[in-house]
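Asks: This is the structure alone, sequence omitted:
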């Protein structure tokens, strides 16, 4: 009898790898991570591992956009917003960076599991 184990950083709402119906919960979660248009692509709906790869790249792209937004925020916004609003925008970019870092780890773990990688619980 094997023990079902979700590695640290595994997304809430996705059943651990090898649990009954875990791939279905992974598909639903991945579709929520991706742009809504991805739901209309039959290939992504039929091949969850392909959807996972798209999700990893989508999140990576969002991270790049976030990094750019953060690097340009003060210069681009100072002429159109008060300094306190600019600082709030910078803080929002920082929060988004943190969120995307967590989501990136989650989608990578799900993709690895869909490709057959299993983590072992350590004592």
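Replies: Perfect, thanks for sending it. Keep in mind the model is a prediction, meaning the values are calculated, not measured.
Asks: contacts, neighbours, all on C-alpha from now
Replies: Will do.
Asks: And the most centrally placed residue in the chain, how far from residue 74?
Replies: Nearest to the geometric centre of the chain sits residue 103, at 3.1 Å (C-alpha atoms, centre = their mean). Going from residue 103 to residue 74 by C-alpha to C-alpha, to the nearest Å gives 26 Å.
Asks: which SS class is the residue of the chain positioned farthest from its centre?
Replies: Distance from the centre of the chain peaks at residue 79, with 32.9 Å (C-alpha atoms, centre = their mean). Look at residue 79: counting by DSSP: H, G, I helix; E, B strand; the rest coil, its state is coil.
Asks: ok, so what distance separates it from residue 68?
Replies: The gap separating residue 79 from residue 68 is 18 Å, by C-alpha to C-alpha.
Asks: any idea which helix or strand carries residue 75?
Replies: Secondary structure assigned from DSSP states H and E places residue 75 in helix 48-77.
Asks: Now that helix: buried residues?
Replies: 48-49, 51-57, 59-60, 62-63, 66-67, 69-70, 73-74, 77 (16 or more other C-alpha atoms under 10 Å).
Asks: on that earlier part again, for the residue farthest from the centre of the chain, give me its contacts.
Replies: Residues near residue 79 by C-alpha atoms under 8 Å, 6 or more residues apart in numbering: none.
Asks: ok, now the one 10 residues further on?
Replies: Applying C-alpha under 8 Å, 6+ apart, one finds that residue 89 lies in contact with residue 73.
Asks: what's the spacing between residue 79 and residue 73?
Replies: 11 Å.
Asks: Ok, residue 52 next?
Replies: For residue 52, the distance to residue 73 - C-alpha to C-alpha - is 31 Å.
Asks: Ok, residue 65 next?
Replies: Taking C-alpha to C-alpha, one finds residue 65 at 12 Å from residue 73.
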